[in-house]
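1. Give me a model of this one.
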Amino acid sequence: MSNIMAWDCIEMITRDLCKSRFKSKTLEEFKGKIESVISSDPQKEHPFFRQTLRYIFAFRTFESNKEVLRRLGSMYTKFCVSELSHLKFPRADETNDRINLIAIASLYVSINYAGYFGGAEIAKRAMLVSYHSIPVLKLYCLSAIASRRPKEVIPIFKTYISYTNDYMVKHGNIRPDPVSVIDTYLTVLKYETSTWKDPQRDVFELVCQWVAELKTVLSEFISNLCDSEDLYNKVLRKYMAGVWYRLGFIYDRLCLVFTFQEGSLQRRIETACKYYEKAAVLASKEPTLDDPAFSQLYFRYAVLLAKKMDYTESVKNLKKGLRLHPDSLQHINMITLIYSALDETMNKPYSIAKETVDGILKERLLNEQQTIGGISFDEKYDILQMYMTLISLVEASSSCYEALDSLQDLFDAARRLLGVSSTTQPPDDISSVRRTAVQDGDNTEGLPLVRTVSSKRPSLRDPLQDVLMDNNGSYREDGIRRHRSRVFSLIKGTKNALPGKLSGSSNRRNTQNSIGRQTQRNVTDHASERKLMHDIWLWASKLFEKCGQISDARGCVKEAEDVYKESSESYARAGELLIDSDPKLALQQFEISLELRNQKNLEAVMGLAKLTLSEAGNEVFVGQHDRMAALGRCKNYLELMRTDYDTSTVPEVYYYLSKIYKEYNDKAMEENMLWRTVQLEDDRPVRSVDQVIRD
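-> Next up, the predicted model:
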């Protein structure tokens, strides 16, 4: 505990002095001010310690000036390496105090300024003149994380653990600085779990082993603190809240991998919630804990609570996070989506979304030049997701036609926000089979595959029944004709205003000429922005499909591929649109989609299930044996989806499983899956809450 208090005291002193006495505009001005307090005279006592303090104060003083920070980082690195070059490898009766002091000072600097100095260079030089120095190994490990050398992190951390174990053997099972050890475990584990996508099994098992070791260290540390958390002071509350939050985040990320049993997924979710709750309780006990970083704690906790369908507690935590970060569109979007699951009338979520979008339009999108240069990609993502939520609410409260009329607003916002170069060409390896299929005639009688709409709408029914039938149950086509081409041509026109591959190849010359007449902007192509635009086009494709405009839905798929590339998602979307018109080609699209995503694309799996269960599937399979084999394959995919974090709460997964179990004549499982479908569908937001979360 003394270490925690000491570091907090140092932080407070440096912050206050750098905001007042040492506040400077240039390094020369700073040197003049600090000289009277901490002399640089090498003849005075402890010159190394005084020079180190000067650098620490300098970093803090210029923390908002990146140019000066880079200069300071270079100077600090040279200073440390120079000091280390004068040291020799210690004899058996000597200690590494000077080396450890350099490493500890560098670790403190690295908390906020890791990217500005050569931590790895200092650590490597220190290892040449030290023996089993734990601070040096920690500095080397954290510098590997900061400089994005992922392959080095695990072996370095293994060595770090062996050093701490050796220390305990030599010192009667006493841990070396448990606060530092806990911080190292948490930093490495958070890094490993936040960066993995499909980790190897041995890496996953290693992480689980380290989590268990961390919990042991934490248990020992807490036993030496207080009998009750109520006795914690502000500093300790903040520290322990941060520890529990990071541990909860690690379990949160563990939910994403190797959850082959439904029980294991639920246990990890419960464990993550437990640690998030401990962090939230500690944060709420200290009214002055107003650190905006804790808003992310409340957000992550709220997402897991929403996964458990505990919407009331989820909203409470989102509101707490919103108080710390009032401008967070992520929080507002999540609150809106959860209210859409609770409010039958949709009035409350719609008013929140409409007011938010109007505010975005007024405050952030009026000045196009400022918009592109002054808004980060994360903010752009949040803004466009908010627009998509509003359109989904319009659909849920009115109709898909009303939502279609709002689509132009989304594309206009995307045009203003996303900068894409006009010189990039579409991929050359476009499938000729796909091109022919997409350009085929309309198929207004085809049945759409998967619906991602509100529980207040019949998402498990065929939407063309809603589109093509009037109140008397008679089919009508006027609605389709009224909106066909008009909306798609409008957003395609918006698309042409967007510089880049949004303009299809047939209109590329006209688009480039028109852009040449516009005000030139310095825009940089970003794969992430293209991917976001790609996803928006595919999302729009589903909306056109719900309105029976299959040709325009296919056009959206083509636009999505032109702006980014052919993807697993675009193949799955094309397959959904081809089920009834060309089931064999649809099957091909699903197979390609699954191959690209390692059998993990939800849309492709459900599309394959619908194709297999539909009448159109009879054209694909040569006989009943072939069909049952396909059903078995779909069942295996869907059962895996039940245990996957992202798809475990999707009603369609259980609906298609119920249909498959019906084919197997398994009444118990069929009923079980149907009940789960009803449970999830009844409290379903207009969009999945996972879509709000940035990767």
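
2. pLDDT weak spots in this structure?
-> Scanning the chain for pLDDT under 70 picks out the ranges 1-2, 287-290, 364-373, 419-490, 492-525, 695.

3. now with 50?
-> Regions of the chain meeting the criterion pLDDT under 50 cover residues 371, 421-484, 495-525.

4. Tell me where it has strands.
-> Assigned by DSSP state E, the chain shows no strands.

5. tally of neighbours for the closest residue to residue 109 other than its chain neighbours?
-> In this structure, residue 109 finds its nearest non-sequential neighbour in residue 59, 5.8 Å apart by CB to CB, 6 or more residues apart in numbering. Placement of C-beta: from N, CA and C, glycine included. Using other CB atoms under 10 Å, residue 59 is surrounded by 22 other residues.

6. Now for residue 59: which residues touch it?
-> 69, 72, 76, 109, 112-113, 116 (CB atoms under 8 Å, 6 or more residues apart in numbering).

7. In helices, which of those appear?
-> 69, 72, 76, 109, 112-113 (DSSP state H).

8. farthest pair in these?
-> Within the ones in helices among the contacts of residue 59, 76 and 112 form the most distant pair, 13.1 Å apart (CB to CB).

9. Between these two, point out the one with more neighbours.
-> residue 76 (25 against 13).

10. measure that one to residue 594 for me?
-> The spacing between residue 76 and residue 594, counted by CB to CB, to the nearest Å, is 51 Å.

11. and what of residue 339?
-> 35 Å.

12. again, but for residue 150
-> Distance, residue 150 to residue 594, using CB to CB: 28 Å.

13. Settle it for me: which of those two has more neighbours?
-> Ranked by neighbour count (other CB under 10 Å), residue 150 and residue 594 place residue 594 first, with 22 against 12.

14. for the closest residue to that one other than its chain neighbours, what are its contacts?
-> Counting by CB to CB, 6+ apart, residue 604 is the residue found nearest to residue 594 once chain neighbours are left out, at 5.0 Å. Residue 604 makes contacts with 568, 571-572, 575, 590, 593-594, 597, as judged by CB under 8 Å, 6+ apart.

15. In helices, which of those residues fall?
-> 568, 571-572, 575, 590, 593-594.

16. Among these, which one lies nearest to residue 32?
-> residue 568 (60.5 Å).

17. what residues are up against that closest one?
-> Neighbours of residue 568 in contact, by CB under 8 Å, 6+ apart: 592-594, 596-597, 601, 604.

18. Ok, residue 160 next?
-> 134, 137-138, 141, 184.

19. Tell me which two of those sit farthest apart.
-> It's 134 and 141 that sit farthest apart of the contacts of residue 160, by CB to CB, at 10.5 Å.

20. okay, those two: which has more neighbours?
-> Using other CB under 10 Å, the more surrounded residue of residue 134 and residue 141 is residue 141, with 26 against 21.

21. ok, that one to residue 181 distance?
-> Computed as CB to CB, the residue 141 to residue 181 distance reads 12 Å.

22. what's the answer for residue 587, then?
-> Counting by CB to CB, the gap from residue 587 to residue 181 is 55 Å.

23. try residue 400
-> For residue 400, the distance to residue 181 - CB to CB - is 56 Å.

24. Please identify which of these two sits among more neighbours.
-> Higher neighbour count among residue 400 and residue 181: residue 400, with 26 against 22, using other CB under 10 Å.

25. so the more buried one sits right up against residue 547, yeah?
-> Yes - counting by CB atoms under 8 Å, residue 400 does reach residue 547; the two are 4.9 Å apart.

26. if I pick residue 198, what's in contact with it?
-> If you count contacts by CB under 8 Å, 6+ apart, residue 198 has them with 257, 598.

27. Now it: phi and psi?
-> Torsion angles at residue 198 (phi, psi; degrees, to the nearest 10) stand at phi -130, psi 80.

28. separation between the residue lying closest to residue 77 once chain neighbours are set aside and residue 139?
-> Distances taken as CB to CB, 6+ apart place residue 118 nearest to residue 77, at 4.0 Å, with adjacent residues excluded. Separation of residue 118 from residue 139 (CB to CB) stands at 11 Å.

29. Residue 4: neighbour count?
-> Counted with other CB under 10 Å, the neighbours of residue 4 add up to 16.

30. Switch the contacts of residue 160 over to CSV; also include distance to residue 643.
-> Converted to CSV, these look like this (distance: CB to CB, whole Å):
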residue, distance to residue 643
134, 40
137, 38
138, 37
141, 33
184, 32
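
31. Closest one to residue 326 out of the residues you listed, please.
-> Of those, the one sitting nearest to residue 326 (CB to CB) turns out to be residue 184, at 34.3 Å.

32. Nearest residue to that closest one in space, please, no chain neighbours.
-> Nearest residue to residue 184 in three dimensions, chain neighbours excluded: residue 138, at 5.3 Å (CB to CB, 6+ apart).

33. Next, the contact list for the one you found, please.
-> By CB under 8 Å, 6+ apart, the neighbours of residue 138 are 103, 107, 160, 180, 184.

34. are any of the residues you listed buried, and which?
-> 103, 107, 160, 180, 184 (16 or more other CB atoms under 10 Å).

35. Might one say that the second one is in contact with residue 137?
-> No - no contact is recorded between residue 107 and residue 137 when judged using CB under 8 Å, the distance being 10.9 Å.

36. Now the phi/psi pair for the closest residue to residue 397 other than its chain neighbours, please.
-> Closest residue to residue 397 apart from its sequence neighbours, by CB to CB, 6+ apart: residue 346 at 4.0 Å. Phi and psi for residue 346, reported as degrees, to the nearest 10, are phi 70, psi 10.

37. Please report how far residue 346 lies from residue 339.
-> 9 Å.

38. One more: residue 575?
-> 34 Å.

39. Between those two, which is the more surrounded one?
-> residue 575 (29 against 22).

40. ok, now which ones touch the more buried one?
-> Counting by CB under 8 Å, 6+ apart, residue 575 has contacts 449, 585-590, 593, 604, 607, 611.

41. Pull up the gap between the residue lying closest to it once chain neighbours are set aside and residue 640, please.
-> Nearest residue to residue 575, sequence neighbours excluded (CB to CB, 6+ apart): residue 589, at 3.3 Å. Here residue 589 is placed at a distance of 21 Å from residue 640 (CB to CB).

42. count of residues packed around the residue nearest to residue 569 when sequence neighbours are not counted?
-> On the basis of CB to CB, 6+ apart, the spatially nearest residue to residue 569 that is not a chain neighbour turns out to be residue 538, at 5.7 Å. Look at residue 538: counted by other CB under 10 Å, it has 23 neighbours.
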